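Asker: coords please:
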Amino acid sequence: MICDLDNYKLLIQYDGTNYSGWQIQVDSTTIQQKITDAAEIILKEKINLIGSGRTDAGVHALGQVANFKTTKDLNIYRFKHSINAILPNDISILKIEKTTPEFHARFDAQRRSYLYFISKYKSPFYERYSYFCHNELNCELLNKLSKSLLGEKDFSSFARKNTDTKNKICNIYEAYWKNTSNLIVFKIEADRFLHGMVRTIIGTLLNALKNNFNNNYIEEIIGLRDREAAGEAVPAKGLFLYKVKY
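Answerer: The predicted structure follows:
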């Protein structure tokens, strides 16, 4: 007997410090696995939890989106309360809503944005969620360098070498730096991101600033399509999946 399945959309926050990323892996603790296990305890049936995209080990999320289908007609308020009670304190379901049967958290996403936090001084309160940079950063120059990233381009130079993704073309809509009282904040938005791309872009921009390179340096790296040409990736702990737009 075939049962109709209801489709539910989740808005999720998590601290990625203690996890090997979003995606389920053998012999590793992941966010996707934790949420799946908690949901299956409540539903008493197997589900396929689909995320908007993978986040790497140590990367956090302010607005990850996922969906799953179930035969159960959920009391959303009760389910949200129950699943949050089961989940560890570093994972939270902010919102649950019933959505269309066709909705797919990954394939329907139009844009994704990330934030990266750089702390200006050593602080025990920023240690877990930012990268402490010893050098003073000039956001005006960083923003000039970042303009070379905008548009639809092949970002092979910024992707991990062992990635299995053949299509390396991404369209970056926004990439800018902001100076606040305690933090330097970088925001980047694109239609998609490659494995390790955001952290490598940031590392490359910081290297360009440190060595007084101009926009030609960034454009040359993009043109080479070679990971060895780009800079070293910054630590994962300062990176947050910010928003997913549909």
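
Asker: walk me through the domains of the protein.
Answerer: Split into domains by automatic domain parsing, the chain comes to 6-99, 111-245.

Asker: first-to-last residue distance for the shortest one?
Answerer: Using Cα to Cα, to the nearest Å, one end of domain 6-99 lies 8 Å from the other.

Asker: if we can go back for a sec, export the domains of the chain to JSON lines and tack on mean neighbour count, distance to residue 105 and mean pLDDT?
Answerer: To be clear about C-beta, it is placed using only N, CA and C from the backbone, and glycine gets the same treatment. Shown next, in JSON lines, are the domains of the chain (neighbours: other Cβ atoms under 10 Å; distance: least, Cβ to Cβ, whole Å; pLDDT from 0 to 100):
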{"stretch": "domain 6-99", "mean neighbour count": "17", "distance to residue 105": "5", "mean pLDDT": "97"}
{"stretch": "domain 111-245", "mean neighbour count": "17", "distance to residue 105": "8", "mean pLDDT": "95"}
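
Asker: which residue ranges of the protein form strands?
Answerer: Using DSSP state E, the strands found in the chain span residues 6-14, 50-51, 60-70, 91-99, 111-119, 131-132, 151-154, 169-179, 183-190, 239-245.

Asker: just checking: what are the partner strands of the fourth one?
Answerer: Each strand pairing with strand 91-99, determined using DSSP bridges, is listed with its direction: strand 6-14 (antiparallel).

Asker: need the residues that contact the strand it pairs with.
Answerer: 31, 35, 60-74, 76, 90-103, 105 (Cβ atoms under 8 Å, 6 or more residues apart in numbering).

Asker: next one: stretch 15-27
Answerer: Contacts of stretch 15-27 (Cβ under 8 Å, 6+ apart): 28-34, 36, 51, 53-61, 64, 90-91, 128-129, 236-237.

Asker: one more time with 6 Å
Answerer: Contacts with stretch 15-27, where a contact means Cβ atoms under 6 Å, 6 or more residues apart in numbering, come from 28-33, 51, 54-60, 90.

Asker: nearest to residue 81, of those residues?
Answerer: For these, the residue nearest residue 81 by Cβ to Cβ is residue 90; the value is 18.0 Å.

Asker: can you tell me the closest non-neighbouring residue to that closest one?
Answerer: residue 15 (4.0 Å; Cβ to Cβ, 6 or more residues apart in numbering).

Asker: quick check: the gap between that neighbour and residue 55.
Answerer: Applying Cβ to Cβ, to the nearest Å, the value for residue 15 to residue 55 is 11 Å.

Asker: then residue 234?
Answerer: Relative to residue 55, and taking Cβ to Cβ, residue 234 is found at 15 Å.

Asker: same question for residue 46.
Answerer: Distance, residue 46 to residue 55, using Cβ to Cβ: 24 Å.

Asker: ok, residue 194 - contacts?
Answerer: By Cβ under 6 Å, 6+ apart, the contact list for residue 194 reads 155, 159.

Asker: if we use 8 Å, what do you get?
Answerer: So residue 194 contacts 155, 158, 159, 160, 163, 165, 168, 170 (Cβ under 8 Å, 6+ apart).

Asker: try residue 187
Answerer: By Cβ under 8 Å, 6+ apart, residue 187 lies in contact with 113, 114, 115, 116, 174, 175, 176, 178, 242.
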